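Q: Build me a model:
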Amino acid sequence: FTAIAVVVLQRLATREPEIAFGPYLCLAALIVMLRWNAIWNEWAADYLRLVGDMLIEGGVMGIVLAAFLLFGFGQYRRMADRAEAERLGSERS
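A: Down below sits the predicted model:
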């Protein structure tokens, strides 16, 4: 929500289409520092009690899936590189 406020104010004040990340990241960090107790104990703790185990399981599944995807993309890349090298080698002969 801080990003929307900062971007709207920046756009109205300067008319520049670029969005600087610094101002709203700093504002969000300041809000978290000043309101940490309310954010964590009154809002987030209730949600974490409801879905805590699912968050851990989802995180583990995400890491495993990312590892499989990276391995698969690496294998695909190596196969494509070998096929390209063979194609170039046969063209030179």
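Q: ranges for the helices of the protein?
A: 2-14, 21-34, 36-37, 45-92 (DSSP state H).
Q: for the record, mean pLDDT for the third one?
A: What that stands for is helix 36-37. The average of the pLDDT scores along helix 36-37 is 88.
Q: For residue 86, the count of nearby residues, please.
A: 10 (other Cβ atoms under 10 Å). Glycine gets a C-beta too; all of them are placed from N, C-alpha and C.
Q: Return the per-residue confidence for it.
A: Looking at residue 86, the pLDDT reads 88.
Q: other SSEs contacting the lowest-mean-pLDDT helix or strand in the chain?
A: Least confident element among the helices and strands of the chain, by mean pLDDT, DSSP states H and E: helix 2-14 (a mean of 80). Other elements packing on helix 2-14 under the criterion 3 or more Cβ pairs under 8 Å, 6 or more residues apart in numbering; DSSP states H and E are helix 21-34.
Q: what's residue 17 sitting at in phi/psi?
A: phi -80, psi -20 (degrees, to the nearest 10).
Q: ok, now how distant is it from residue 10?
A: Here the distance between residue 17 and residue 10 works out to 10 Å (Cβ to Cβ, to the nearest Å).
Q: Which one of these two is surrounded by more residues?
A: Higher neighbour count among residue 17 and residue 10: residue 10, with 16 against 6, using other Cβ under 10 Å.
Q: any idea how far residue 92 is from the more buried one?
A: 57 Å.
Q: tally of neighbours for residue 2?
A: Residues near residue 2, counting by other Cβ under 10 Å: 16.
Q: Likewise for the one 3 residues further on?
A: Residues within reach of residue 5, counting by other Cβ under 10 Å, total 12.
Q: what sits against it?
A: By Cβ atoms under 8 Å, 6 or more residues apart in numbering, the residues touching residue 5 are 24, 27.
Q: Least confident of the helices of the chain, on average?
A: helix 2-14 (a mean of 80).
Q: what comes up buried for that helix?
A: 2, 6, 10 (16 or more other Cβ atoms under 10 Å).
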